[in-house]
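> turn this into a structure:
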Amino acid sequence: KNMFEHQKSHHTYIGCYDLFVKKKKINESKEFFFFKSQIEKYGIFKNCKNENDLTIYFKKLINLHQNIKNLGYKSSNKNIEFMIDKNLNLVKINAGNHRFAIARILKLKKIPIDIKLIHSKNLIENSNISFKKINLFIKSIERKYN
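The predicted structure follows:
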């Protein structure tokens, strides 16, 4: 799914936009209501069981935003995980959606990522691949996204 389309509909990106661009209060953000509905449905969501837990969760998110804004992305101590698909595209996977949304909202030019998977097609086509070649391969992907 294209990132620009994804961020228009996904609760994480909408929630971060509500908090950090529109400056809404925690309990007015769409993500707060989404989390609350998940708690009502399942009893727990993101280790939150009630509105007080949600407030604490979102205050931590606000602190993360402030840290990244003031100190840069490296202050988060966690890289965002990606994979390289068969067409040599970076694809966001696993955790880190809030950090990625914050980086996009802050219009950071560069963020550190961890490449967790590389589609086998890319490795098969380069069957004599060595660690040095893998690093060159990853550098070529990096240039594509600079």
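
> so how far is Asn52 from Arg143?
For Arg143, the distance to Asn52 (CB to CB, to the nearest Å) stands at 47 Å. All C-beta atoms are positioned from the backbone trio N, CA, C, and that covers glycine.

> isn't His10 up against His98?
No: contact criterion CB atoms under 8 Å: His10 and His98 do not qualify, at 10.9 Å.

> the helix or strand bottoming out on mean pLDDT in the chain: which residues count as buried?
Scoring the helices and strands of the chain by mean pLDDT, DSSP states H and E places helix 120-124 at the bottom, with a mean of 75. Buried residues in helix 120-124, counted by 16 or more other CB atoms under 10 Å: Asn122.

> quick one: that helix to chain centroid distance?
Taking the mean of its C-alpha atoms, helix 120-124 sits 26 Å from the chain's own mean (CA atoms, centre = their mean, to the nearest Å).

> give me the contacts around it.
84, 86, 88, 129, 137 (CB atoms under 8 Å, 6 or more residues apart in numbering).

> the residue nearest to the third one when sequence neighbours are not counted: what secondary structure?
Excluding its sequence neighbours, the residue lying closest to Leu88 (CB to CB, 6 or more residues apart in numbering) is Ile141, at 6.4 Å. Assigned by DSSP: H, G, I helix; E, B strand; the rest coil, the conformation of Ile141 is helix.

> can you give me the helices in the chain?
3-9, 11-20, 30-42, 51-71, 97-105, 120-124, 131-145 (DSSP state H).

> can you say which of the ones you listed is nearest to Lys78?
helix 97-105 (6.8 Å; CB to CB).

> picking that back up, from Asn89, how far off is the residue nearest to Leu88?
Counting by CB to CB - Ile141 and Asn89 are separated by 9 Å.
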